[in-house]
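*Asks:* quick one, fold the following:
(4 chains)
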2 protein chains.
Amino acid sequence: MGTEVYEGDCLNILRGLSTTTADLVYLDPPFCTQRRQSLSTRDRSKEFSFEDRWNSISHYASFLTERLKELHRILKPTGSIFFHCDKTASHVARLVMEEVFGARQFQSEIIWSYKRWSNSARKLLPAHQTILFYSKGPECKFNEILTDYSPTTNVDQILQRRSRDDSNKSVYARDRNGDVVYGGSKKGVPLSDVWEIPFLNPKAKERTGYPTQKPILLLERIIRLTTNEGDLVIDPFCGSGTTLVAAKLLGRSAIGIDISNEAVALTKQRLKEPVKTESALLMNGLDSYRNANGDAVSLLNGIPHIPVQRNNGIDAFLQETFEGVPIPVRVQRHGETLSDAAGTLYKAGKTKKARRMILIAVEDVPTLFDLGIPNEVEVVTSAALSIRRLIRHLNAEEKGFDETLESAE
Amino acid sequence: MGTEVYEGDCLNILRGLSTTTADLVYLDPPFCTQRRQSLSTRDRSKEFSFEDRWNSISHYASFLTERLKELHRILKPTGSIFFHCDKTASHVARLVMEEVFGARQFQSEIIWSYKRWSNSARKLLPAHQTILFYSKGPECKFNEILTDYSPTTNVDQILQRRSRDDSNKSVYARDRNGDVVYGGSKKGVPLSDVWEIPFLNPKAKERTGYPTQKPILLLERIIRLTTNEGDLVIDPFCGSGTTLVAAKLLGRSAIGIDISNEAVALTKQRLKEPVKTESALLMNGLDSYRNANGDAVSLLNGIPHIPVQRNNGIDAFLQETFEGVPIPVRVQRHGETLSDAAGTLYKAGKTKKARRMILIAVEDVPTLFDLGIPNEVEVVTSAALSIRRLIRHLNAEEKGFDETLESAE
DNA sequence: CGAAAATTTGAATCAGCCC
DNA sequence: AGGGCTGATTCAAATTTTC
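*Replies:* Model prediction:
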């Protein structure tokens, strides 16, 4: 279905969308500015009344309610909604959401926290925003996202089994000899509701110039959490279009709406240009052998080398030369066959007049039957690959036969 | 004045306190979770519990409003109030506070975030609580609290003076020679409204066995922020008495109230011998737990594994098991012989009952003469090491002889 | 079929051994 | 005596079972 952007009041446009089609709604509505104005009477002579405030609040609340009801209608039964609220009105947002979606559908109050520069001394530095997460029904789509264990975690312990002692207290299971029994493997820690994501860096801000632009990482996380590929995402106050960009990057369809034609134009332009900002989440998913810095060349630690940034075939040159020419190195990509990797490296290396090249095998062990690996390309096995082979070998041995190791040579 | 504890409904007791005497109110009322909260002391000799069930939200709201009005009366004009709420009722709390104290008196929404133990798989793991900070009047007492700079901060830069250039742009001040002028020392970063404070540890000495007990550190921060020595702190739902303990430790007077006579007895007893646990995590920071093995473990990228931070012999466990026991992995350190590395790994692995262990050789190739490598330790060669050997081999070949490769085998 | 009670559960933290 | 590893303990939980 792709990505669509509409200009206008989202209420009208939402009314034209059909029922139960959307999987995710993200909204970041404009704040209740009326209220702020009425608050700041400069001379402080007039304490504004509760009634005044209620009038402006209830006006804002009904503005939201109308639109949320449409969004509720458009959502699939398994759909979710994320309401990004400003701190001055987060309780209003919560009340309105409880009214339209119901308290039982409340899932999480997500805290987006970030570091910020300021010299304000008379107040705590505001450094978070709140996102309310509700589902439409009891069965909502939810993809588990796992994070790393804390460095303080007792890793041996989480591999241990549990049992109960005499007084029914939960304890770690032990065998007849009193030794701890180890269980299966663990995957990681489930994502918490406090998300520390750096605020948009100033450079990126310069690019769109839109005031409330959100980091793409924030939207990516929301989209991955509650949708699958091909699902439909709706952002009724899309602003500079970050939601749509994130959705497109992740292969989701998306509809964006904004009342300002400037915002719509900006969004359309952003969508047209292939996005250069690399998606950290995507990269982690695709290249699982890269380290935290996204650096596959870390495998070369310990050898003098020069990393190459912008070459499709070569990841680094060794400082050591062969016949006076530097030696290019490539690390096999995830999902790339050894022959393909060798071909890519060979082609790139040839233009640099390299006489020898080195390919680091990460996925497959080279076999005698491997075709198309030129003589100039030496294949070296990464430690990870060696370990994988070793494990297979050990498991085969355990079963009393060995089918894997030898046949690979 | 010292510290006093009263038993009873705080509404009645507050009515007996005189107007404009308190500097700080901290309240942590029942959250409206609609369940019974209970916890027992470590030796299981005693179980504390309280009911947290309400007929309706509005019933809960009016319960709070009545008491907040009394608290408002008791506060000095420069006084502050901190309302500790959780996600199930934070919007109710906010509404009630706006009604009694007024929106203009809103100061901060403080997020207390912590890591927690849970098995949540179908939801985001709740890992924060909210504290609303309001003042009674426009001029409230506020003591600046500074924290450390983030490790990424350019400390040089923050010591530099600023001035304005011809076009009134803020630039770093320079002296006649064009050198940067360093100003006095900077003090630190102002405290933000997101407070990462560890949850009270199950084994902490500070722990009393009372449910919902707060860390003393949290209360200390609140008391420091808004009171001076000798000021009066009030906690109308004092529970196990953490607020009073913190106040006493900081030389503030305090009044605590609780409806349960058990809670009052516990508080009185705790005040006799205040115990505060030093959080090693907070004192030293998370980084102190991290080994310098980040680079090393990146060699394992591509294999499912769990990095181990707390063991000198083991860098990671593979998720794959051998004979039901996880396989530990160590990466040879720079300047460490293969035999030494194998010995360290073997010793650490044995205590974990590991049957097989993997050592990644980074510096030396194992030779027949390598002594002291136990049978259980499998040695695997890193790509970097393989490449070094290959280079030596190629260079030797180039010269017409081959002395290196074979002799190493 | 819902609500409440009973059961299962995972990982973070400090205390206290043990070298 | 001191620092590092190991073990104990827990859940303003989460999930399953019962009524």
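
*Asks:* contacts, neighbours, all on C-alpha from now
*Replies:* Noted.

*Asks:* quick one: the strands in the stretch 301-409 of chain A?
*Replies:* Assigned by DSSP state E, counting those that start in this stretch, the stretch 301-409 of chain A shows strands spanning A:305-307, A:316-322, A:325-331, A:357-361, A:377-381.

*Asks:* out of these, flag the one nearest DNA strand D.
*Replies:* Set against DNA strand D and scored by CA to the nearest atom of the strand, the strands of the stretch 301-409 of chain A come closest in strand A:377-381, at 30.3 Å.

*Asks:* continuing past the top strand by length along chain A, what's the next helix or strand?
*Replies:* The longest strand of chain A (DSSP state E) is strand A:75-85. Where DSSP states H and E defines the elements, the next helix or strand beyond strand A:75-85 is helix A:90-101.

*Asks:* report the angle between that next one and strand A:75-85.
*Replies:* Angle, helix A:90-101 to strand A:75-85, by axes from the mean of the first three to the mean of the last three CA atoms, to 10 degrees: 170 degrees.

*Asks:* can you tell me what sits against helix A:90-101?
*Replies:* A:57, A:61, A:64-65, A:68-69, A:72, A:83, A:85, A:103, A:106, A:130, A:132, A:134-136, B:90-92, B:94-95 (CA atoms under 8 Å, 6 or more residues apart in numbering or on different chains).

*Asks:* what's across from residue A:130 in the sheet?
*Replies:* Beta-bridge partners for residue A:130, by DSSP bridges, are residue A:85, residue A:111.

*Asks:* same question but for residue A:22, I mixed them up
*Replies:* residue A:75.

*Asks:* for the stretch 251-400 of chain A, list the residues in contact with chain B, please.
*Replies:* Proximity of the stretch 251-400 of chain A to chain B (CA under 8 Å from any CA of the partner chain) is limited to residues A:288-291, A:298-303, A:320, A:322, A:358, A:360, A:362, A:380-384, A:386-388, A:391, A:394-395.

*Asks:* go ahead and build a ChimeraX selection from the buried members of those.
*Replies:* To isolate in ChimeraX the members of those that are buried, counting by 16 or more other CA atoms under 10 Å in any protein chain shown, one can use:
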select /A:288,289,290,291,298,299,300,301,320,322,358,360,362,380,381,382,383,384,386,387,388,391,394,395
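
*Asks:* re the thing from before, mind giving me the packing neighbours of the longest strand of chain A?
*Replies:* Contact partners of strand A:75-85 among helices and strands, from 3 or more CA pairs under 8 Å, 6 or more residues apart in numbering or on different chains; DSSP states H and E: strand A:22-27, strand A:128-135, helix A:216-226.

*Asks:* go again with 7 Å.
*Replies:* Helices and strands touching strand A:75-85, by 3 or more CA pairs under 7 Å, 6 or more residues apart in numbering or on different chains; DSSP states H and E, are strand A:22-27, strand A:128-135.

*Asks:* list only buried entries from the contacts of helix A:90-101.
*Replies:* For those, buried by 16+ other CA under 10 Å: A:57, A:61, A:64-65, A:68-69, A:72, A:83, A:85, A:106, A:130, A:132, A:134-136, B:90-92, B:94-95.

*Asks:* follow-up on the earlier one: buried ones in the longest strand of chain A?
*Replies:* Neighbour-count burial for strand A:75-85, counted by 16+ other CA under 10 Å, picks out A:75, A:76, A:77, A:78, A:79, A:80, A:81, A:82, A:83, A:84, A:85.

*Asks:* okay if I get these as a markdown table plus distance to DNA strand C?
*Replies:* Below are these laid out as a markdown table (distance: CA to the nearest atom of the strand, whole Å):
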| residue | distance to DNA strand C |
| --- | --- |
| A:75 | 21 |
| A:76 | 20 |
| A:77 | 16 |
| A:78 | 17 |
| A:79 | 20 |
| A:80 | 21 |
| A:81 | 22 |
| A:82 | 24 |
| A:83 | 25 |
| A:84 | 26 |
| A:85 | 28 |
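
*Asks:* nearest to residue A:27, of the residues you listed?
*Replies:* Sorting the buried residues of strand A:75-85 by how near they are to residue A:27, with CA to CA, puts residue A:83 at the top with 5.2 Å.

*Asks:* and the helices in the stretch 51-200 of chain A?
*Replies:* Assigned by DSSP state H, counting those that start in this stretch, the stretch 51-200 of chain A shows helices spanning A:90-101, A:155-158.

*Asks:* next, the angle from the first one to strand A:128-135.
*Replies:* This means helix A:90-101. 10 degrees.

*Asks:* contacting residues around the closest residue to residue A:122 other than its chain neighbours?
*Replies:* Spatially, and ignoring its direct neighbours in sequence, residue A:122 is nearest to residue B:142 (6.5 Å; CA to CA, 6 or more residues apart in numbering or on different chains). By CA atoms under 7 Å, 6 or more residues apart in numbering or on different chains, the contact set of residue B:142 is A:122, B:225, B:226.

*Asks:* between these, which sits nearest DNA strand C?
*Replies:* Scanning these for proximity to DNA strand C, where the rule is CA to the nearest atom of the strand, the winner is residue B:225, at 21.9 Å.

*Asks:* what's the neighbour count on the nearest residue to that closest one once chain neighbours are set aside?
*Replies:* Once flanking residues are discounted, residue B:225 sits nearest to residue B:143: 4.9 Å by CA to CA, 6+ apart. Residue B:143 has 15 neighbours, counted by other CA atoms under 10 Å in any protein chain shown.
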